[in-house]
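>>> Kindly return the folded structure for what I paste below:
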Amino acid sequence: MQLRPVRPAGWRWDALLLVALVGLTAALAADRLFGVDRAVADWAAAHRPTAAYWVAVVFNYLGQGTPLTLIALGMGVLLAVRVRSVRPVLPPVLAFVLTSLTIGPLKVWTARPAPSANVKEPFLPAEATLPLFQHDLPVRFAQSYPSGHVANAIVWYGVIALLLVPLLATFGRTIPPVLVTVVRSVPPVVVLCTTTYLGWHWLTDSVAGLLLGLVLDRLLRRVPWDDVPLPGRLGPWNRPALFTSAP
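Below is the predicted model of the structure:
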């Protein structure tokens, strides 16, 4: 079983992303970068008219993990039925496992409040909303780092793009590579901007979500889905699922 290529190639890029994530977390743990986070949050709060607020809220739904999971799983099941193979279900299942084992536990471990925690429950002083590791707070008030919306958007739109190419092929349709890139990249960028603008996450929360999401996406893109060993009892449902043509 040979891993599929990713761009840019090489594990050094994965290592660089992880080092950046660890470095960012260490800097925040040492009370660094708070000035940047505060400045961005204050600017957003001062430039958030009602119309812009609701537009941002609507577009932020692009990063909702549960709907994205269901969409990806639905696409996987539909493709599985059309090609008579269980393999299309594997990408959304593995994506769910990876996001569940990383995003949630990191949020609980870092225990950081959101910028809005000083204007609604738990009504912290402004300076107390910035630090990590506030484990004295209830978990629901300290789950800002990293941004799950951003990380989920990167992972799930990557899976959707992966499934979209072979799914359309079963209907005799193709999709331009540039459109696949748009599906992969535009929603995460929109979610990063809106979740920061709305004050639901600090800028560094969103950057951390971006770094984590890219690491997980690169892992998923490396998997040779059509060559993954599966139990022989699956019989003909073990056949390739056209992922060789997917990005």
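>>> Specify the local secondary structure of Thr194.
Of the three states, Thr194 takes helix under DSSP: H, G, I helix; E, B strand; the rest coil.
>>> who's in contact with it?
Ala56, Val57, Phe59, Asn60 (Cβ atoms under 8 Å, 6 or more residues apart in numbering). Backbone N, C-alpha and C define where each C-beta goes, glycine included.
>>> likewise Ala72?
Contacts of Ala72 by Cβ under 8 Å, 6+ apart are Pro91, Pro92, Ala95, Trp156, Val159, Ile160, Leu163.
>>> and the fifth one, what pLDDT?
Per-residue confidence (pLDDT) for Val159: 96.
>>> I'd say it and Pro92 touch.
Yes: assessed by Cβ atoms under 8 Å, Val159 is found in contact with Pro92 at 5.7 Å.
>>> picking up where we left off before, for my notes, please list the contacts of Ala72 in CSV and give neighbour count, distance to Trp225 and secondary structure for each entry.
As requested, the contacts of Ala72 are exported to CSV (neighbours: other Cβ atoms under 10 Å; distance: Cβ to Cβ, whole Å; DSSP: H, G, I helix; E, B strand; the rest coil):
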residue, neighbour count, distance to Trp225, secondary structure
Pro91, 26, 6, helix
Pro92, 26, 11, helix
Ala95, 26, 12, helix
Trp156, 28, 16, helix
Val159, 26, 11, helix
Ile160, 22, 14, helix
Leu163, 27, 10, helix
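>>> For Val36, state which of those is nearest.
Of all the contacts of Ala72, Val36 sits closest to Trp156, with 28.1 Å by Cβ to Cβ.
>>> Just say helix, strand or coil for Asn152.
Secondary structure of Asn152, per three-state DSSP, is helix.
>>> In terms of pLDDT, where does the closest residue to it other than its chain neighbours sit?
Of all residues not flanking Asn152 in the chain, Gly65 sits nearest, at 4.1 Å (Cβ to Cβ, 6 or more residues apart in numbering). We have a pLDDT of 87 for Gly65.
>>> residues contacting Gly65?
Counted by Cβ under 8 Å, 6+ apart, Gly65 has contacts Thr99, Gly148, His149, Asn152, Trp156.
>>> swap in Leu18?
Leu211, Val215.
>>> Which secondary structure element is home to it?
helix 11-29 (DSSP states H and E).
>>> buried stuff in that helix?
Leu17, Ala20, Leu21, Leu24, Thr25, Leu28 (16 or more other Cβ atoms under 10 Å).
>>> Now do the contacts for the fifth one.
If I follow you right, that is Thr25. Here Thr25 is in contact with Thr110, Leu132, Tyr145, Ala208 (criterion: Cβ under 8 Å, 6+ apart).
>>> The last one now?
Residues touching Leu28, when contacts are defined by Cβ under 8 Å, 6+ apart, comprise Phe34, Arg112, Pro131, Leu132, Tyr145, Thr204.
>>> And the pLDDT at it?
Confidence for Leu28, expressed as pLDDT, is 97.
>>> Would you check how far apart it and Trp109 are?
Counting by Cβ to Cβ, to the nearest Å, the gap from Leu28 to Trp109 is 13 Å.
>>> hey, where'd the strands end up in the protein?
Read by DSSP state E, the chain holds no strands at all.
>>> for it, what spans make up the helices?
Taking DSSP state H as the test, the helices found in the chain are 11-29, 34-46, 50-60, 65-83, 90-110, 148-169, 177-197, 203-222.
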